[in-house]
Structures are given as structure tokens and as C-alpha cells.
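>>> here is my input, please return the structure:
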Amino acid sequence: MIISKTFEENEIKIRSLRNSEAIYVRRIIEGLRTFNNNQINTSTYTLQELLSKLEELSTTEIVL
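Predicted coordinates:
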């Protein structure tokens, strides 16, 4: 279960993830929400650049 502090529906359930995978997915989701909230156009980023930016933007506290 991934818990988000930036989304109204606070819980996202994804089956069969290890803790480290869930943390990574949560960082990506939080980064995407930041992009969306700030209306940032991501169409010019390569996949690697996008993942890197998403990880940078995810600054929320990790909940295990």
C-alpha cells in the first residue's frame, strides 16, 4: 500500500511490490502530481530525464 500526503484519496493499493519498489513508485507518483499541480510540460523530456526529475521533485516523507 502506498500512502500519499498530496492526494485526497490517500491510499493506493498495488499488489506484489517489495518495500523498495513501493517507495520508488510512490516517489514517481508524487513527482507526477507536482508536475501536474505546477502545469509543467514534460513532453520534451527523455524517459531518463523525466524519471530523474520526478525523483528530485519527490520530497515527501517516506512512510513504511
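
>>> what helices or strands is the lengthiest helix in the chain leaning on?
When the chain is parsed with DSSP state H, its longest helix is helix 19-37. Helices and strands touching helix 19-37, by 3 or more Cβ pairs under 8 Å, 6 or more residues apart in numbering; DSSP states H and E, are strand 2-3, helix 47-57. C-beta: built from backbone N, CA, C; applies to glycine.

>>> mean confidence for it?
The average pLDDT within helix 19-37 is 81.

>>> just the CA coordinates for it, please, in CSV.
Coordinates of each C-alpha in helix 19-37 appear next as CSV, following Å, rounded to 0.1, in the frame of the first residue of the first chain:
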residue,chain,number,x,y,z
ASN,A,19,9.0,-2.1,0.1
SER,A,20,11.8,-0.6,-2.0
GLU,A,21,9.6,-0.9,-5.1
ALA,A,22,6.7,0.7,-3.4
ILE,A,23,8.8,3.6,-2.2
TYR,A,24,10.1,4.1,-5.8
VAL,A,25,6.6,4.0,-7.2
ARG,A,26,5.4,6.5,-4.6
ARG,A,27,8.2,8.9,-5.5
ILE,A,28,7.2,8.7,-9.1
ILE,A,29,3.5,9.3,-8.3
GLU,A,30,4.4,12.3,-6.0
GLY,A,31,6.6,13.8,-8.7
LEU,A,32,3.9,13.4,-11.4
ARG,A,33,1.4,15.2,-9.0
THR,A,34,3.9,18.0,-8.6
PHE,A,35,4.3,18.3,-12.4
ASN,A,36,0.5,18.3,-12.8
ASN,A,37,-0.1,20.9,-10.0
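
>>> and the angle from that helix to helix 47-57?
Helix 19-37 runs at 90 degrees relative to helix 47-57, counting by axes from the mean of the first three to the mean of the last three Cα atoms, to 10 degrees.
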